[in-house]
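Undergrad: Fold the following and give me the result.
(one chain, ligands or ions: 2)
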Amino acid sequence: MAVNPSVSLPAHSGFSEGGSYTVISPVTGRPVTEVGLASAAETDAAIERAAAAFPSWRAVNPGDRARLLRRFATVVEEHIDELAELEVANAGHTIGNARWEAGNVRDVLNYYSAAPERLFGRQIPVPGGLDVTFLEPIGVVGIIVPWNFPMPIAGWGFGPALAAGNTVVLKPAEVTPLTALRLGELALEAGLPEGVFTVIPGKGSVVGQRFVDHPAVRKVCFTGSTAVGKNLMAGAATQVKRVTLELGGKNANIIFADSDLEKAALAAPGAAFDNSGQDCCARSRVLVEASVYEKFLSLLEPAVTGMSVGDPADPATDMGPLISAGHLDSVIGYSASAQIAFSAANGGGTAETAGGFWHPPMVALPRGANDPIWTEEVFGPVLAVMPFRDEAEAIALANDTEYGLSGSIYTRDIGRALRVARAVDSGNLSVNSHSSVRYWTPFGGFKQSGLGRELGPEAPNSFTEVKNVFISHD
Ligand code: NAP
Ligand code: MG
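TA: Ligands and ions are numbered 1, 2, ... in the order given. You can find the predicted model right below:
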């Protein structure tokens, strides 16, 4: 069991005036380590160091900035096992997922290391002179990370932000600070100058709030709940501070009768239960064409009941625990009042892990389109299945939500795949697959799932301001 990780835990965070947080293992419910938290004053001091580091970081020549980011990627690569073990210990992620997540940070750094030499402006024809645009870095960027994917979401922010010439202050979620702290140390080891990338563990209401309020932070990149994101956007408005928001989702997996039903049924659990369903892209609403609804459920049942829930450090495990006792209570609040059709036989808890935060994967049959299990983001391993009559009803049901992050469409009819993909109001759709996040394609939400896009070739641009300069011929 991932109770005593073989890696050494980051000893200190460099902060202490905001008290300390006891990191709890989701596997056992027992303490892992203590992390010092930053106070508002310590946060301000770190922001001011980042502001002081900005002029020289933006002036590093593009080839050298690229080299430093590639070196950072290499150092992350050399520590993938350590970072993965830290995430198993801190967040209870399965070891395979945790290795992928650390590898994603490496890949994102390598991808955006190509950006400094390619931050192209434009030359625009004008009479009487030359007109050119520059993409100027913004200054200090504050990145606020949730607990569900501590490493990737951090990297999606700091990779392109640093590449574009900004300095970064990053607040991990209070419950998952360990990998972020280690990444901060690895950045220094790779040769990034002090103050260019600073990880500041602490409370959202303290550290996160200073990112919103401190005038030296010129952009806030927030991933988390829609409720906190709305408040943050309102707070940022007082300084017209730039924001990117990546918020919640209640994503539809639409399965048509003409699809490869076996393939769709085998893929549906992974799409909903990966990371124990704590994924804003989880396909937690499955819509099935009425004529194959019963058959789909009969194919889905063994794929769910046979899932292996347990020790995340065991490579054979499909699903680990939830992040915290509070979050487990919240998920049980939904599952206990839902109409459950079937669930995994093995719920994860053993004598050794009795104090952990276990919830088996479950399939619910909503009592109607207003059932909370159908409308609300559970952020846990409960998926809901509902039948639909025809293509128009499938689209209407899929769009009957304030969210619009991701979704999937299973059909062999290419025309229908395209029609439905264009009609579903979501930022990330996949056909006959559940893939949604590749670092080299854009990611983000429609409607209340977010504002702006991360990743993809344009991500560094969103950490810049466009400056237009006209030079007269005379
Ligand atoms: P959350 O409560 O919104 O927290 C997210 C981050 O914001 C944490 O670092 C949190 O700090 C911080 N925060 C809290 N209050 C703040 C404030 N007043 N000012 C500034 N920062 C503040 O969300 P969560 O419960 O950690 O994560 C689950 C939610 O995130 C789900 O709704 C999920 O859909 C969403 N999510 C979305 C995406 C996406 O890409 N769209 C990805 C992952 C998660 P503390 O740790 O101290 O609370
Ligand atoms: Mg929260």
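
Undergrad: In three-state terms, how would the residue nearest the centre of the chain be classified?
TA: In the chain, the centroid-proximal residue (C-alpha atoms, centre = their mean) is I153; its distance is 4.3 Å. Classification of I153 by DSSP: H, G, I helix; E, B strand; the rest coil places it in helix.

Undergrad: distance of it from A40?
TA: According to C-beta to C-beta, to the nearest Å, I153 and A40 sit 24 Å apart. Using the backbone N, CA and C atoms, a C-beta is placed for each residue, glycine as well.

Undergrad: same deal with S426?
TA: Between S426 and A40 the distance is 38 Å, computed by C-beta to C-beta.

Undergrad: How far off centre is whichever strand or helix holds L135?
TA: Element membership for L135 (DSSP states H and E) is strand 129-137. Here the centre of strand 129-137 is set off from its chain's centre by 33 Å, with C-alpha atoms, centre = their mean, to the nearest Å.

Undergrad: Beyond that strand, next helix or strand please.
TA: With elements assigned by DSSP H and E, the helix or strand that comes after strand 129-137 is strand 140-144.

Undergrad: Name the residues of the stretch 151-300 of the chain found near ligand 1, please.
TA: By C-beta under 6 Å from any ligand atom, the part of the stretch 151-300 of the chain that sits against ligand 1 consists of 153, 171, 173-174, 203-205, 208-209, 223-225, 228, 231-232, 246-249, 280.

Undergrad: one step back: could you say what helices and strands the strand holding L135 packs with?
TA: strand 123-124, strand 464-472 (3 or more C-beta pairs under 8 Å, 6 or more residues apart in numbering; DSSP states H and E).

Undergrad: With mean neighbour count and mean pLDDT as added columns, please give these in JSON lines.
TA: Listed next are these as JSON lines, based on neighbours: other C-beta atoms under 10 Å; pLDDT from 0 to 100:
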{"stretch": "strand 123-124", "mean neighbour count": "10", "mean pLDDT": "98"}
{"stretch": "strand 464-472", "mean neighbour count": "12", "mean pLDDT": "98"}
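
Undergrad: Ligand 1: which of those strands is closest?
TA: Closest approach to ligand 1 among the helices and strands packed on strand 129-137 (C-beta to the nearest ligand atom): strand 464-472, 21.3 Å.

Undergrad: out of S426 and A40, which sits in the more crowded spot?
TA: S426 (24 against 18; other C-beta atoms under 10 Å).

Undergrad: so which helix or strand takes in the more buried one?
TA: Going by DSSP H and E, S426 is not in any helix or strand.

Undergrad: Quick check: it touching N251?
TA: Yes: S426 lies in contact with N251 (C-beta atoms under 8 Å); the separation is 6.9 Å.

Undergrad: and for those two, which residues touch both?
TA: L405, S406, G407 (C-beta atoms under 8 Å, 6 or more residues apart in numbering).

Undergrad: circling back to that earlier point, next, the angle from the strand holding L135 to strand 464-472.
TA: 160 degrees (axes from the mean of the first three to the mean of the last three C-alpha atoms, to 10 degrees).

Undergrad: which residues touch strand 129-137?
TA: So strand 129-137 is contacted by 54, 58, 119-125, 164-166, 460-461, 463-474 (C-beta under 8 Å, 6+ apart).

Undergrad: for it, which positions count as buried?
TA: For strand 129-137, a neighbour-count test (16 or more other C-beta atoms under 10 Å) marks L135, E136, P137 as buried.

Undergrad: Return the distance of the last one relative to P116.
TA: When distances are taken as C-beta to C-beta, P137 and P116 turn out to be 10 Å apart.

Undergrad: before we move on, the earlier item: now distance to A46 too, for the helices and strands packed on strand 129-137, in JSON lines please.
TA: Output for those, formatted as JSON lines (distance: least, C-beta to C-beta, whole Å):
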{"stretch": "strand 123-124", "distance to A46": "39"}
{"stretch": "strand 464-472", "distance to A46": "23"}
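
Undergrad: Tabulate the ones you listed (JSON lines), appending distance to ligand 1.
TA: Output for the helices and strands packed on strand 129-137, formatted as JSON lines (distance: least, C-beta to the nearest ligand atom, whole Å):
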{"stretch": "strand 123-124", "distance to ligand 1": "34"}
{"stretch": "strand 464-472", "distance to ligand 1": "21"}
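
Undergrad: strand partners of the strand holding L135, parallel vs antiparallel please.
TA: Taking DSSP bridges as the criterion, strand 129-137 forms sheet pairs with strand 123-124 (antiparallel), strand 464-472 (antiparallel).

Undergrad: Near ligand 1, which residues of the stretch 1-150 of the chain are found?
TA: Counting by C-beta under 6 Å from any ligand atom, the residues of the stretch 1-150 of the chain that sit close to ligand 1 are I144, V145, P146, W147, N148.

Undergrad: Most neighbours of all those residues, which one?
TA: Neighbour max across those (other C-beta under 10 Å) = V145, 29 neighbours.
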